[in-house]
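Chemist: test case, fold it:
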Amino acid sequence: MQLEPITSDQQPTFEQLLSTVGLGNEGLATAQAYGWWQDGNLVAGGALEIYGELGLLRSVAVTPDQQNQGLGATLLAALEQQAQRQGMQTLYLLTTSAAKFFATHGYQPIPRAEADSRLHASAQWGSICSSATLMVKHLV
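Modeler: I've put the predicted structure just below:
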């Protein structure tokens, strides 16, 4: 499967995937979403918000029937490669439920006070509960 940008026509399908796995879609208009399609169906997707050389990883999701098969890890690696192609050197993310998954892929939890202030422009920064774990990974 090849990671492809999600078009505006495909955006509702991506938002449905997020809803299915319990993720919100606040502020996705400022992010570039990417997806993997199989037989015309979206099976996995995620999004990146770009803030110069850093990015905010958003909404990483795999359809329930495709979970626990390594697709999430493969998707994460593809999104990281996409981020690097776009000049990002550091990725941040906020999570309420997947810190263990991201930690196994090199993301480290950090206090919110240590986040780059450019992230405050993200709708996700203000909309996700303050108890969410902030994590960071340096790509280079």
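
Chemist: I'd like to know which helix or strand in the chain has the lowest mean pLDDT.
Modeler: Sorting the helices and strands of the chain by mean pLDDT, DSSP states H and E puts helix 123-127 at the bottom, at a mean of 76.

Chemist: name the SS class of Thr74, please.
Modeler: Three-state call for Thr74 (DSSP: H, G, I helix; E, B strand; the rest coil): helix.

Chemist: actually Leu57, not the one I wrote
Modeler: Leu57 ends up strand, using three-state DSSP.

Chemist: check the burial of it by counting its neighbours.
Modeler: A count of neighbours around Leu57, defined by other C-beta atoms under 10 Å, yields 25. All C-beta spots, glycine's among them, are computed from the backbone N, C-alpha and C.

Chemist: now it: how far from Ser131?
Modeler: Distance from Leu57 to Ser131, counting by C-beta to C-beta, to the nearest Å: 19 Å.

Chemist: now Gln82
Modeler: In this view, Gln82 and Ser131 are 29 Å apart by C-beta to C-beta.

Chemist: neighbour count winner among these two?
Modeler: Neighbour tally, Gln82 and Ser131, criterion other C-beta under 10 Å: the higher count belongs to Gln82, 17 against 6.
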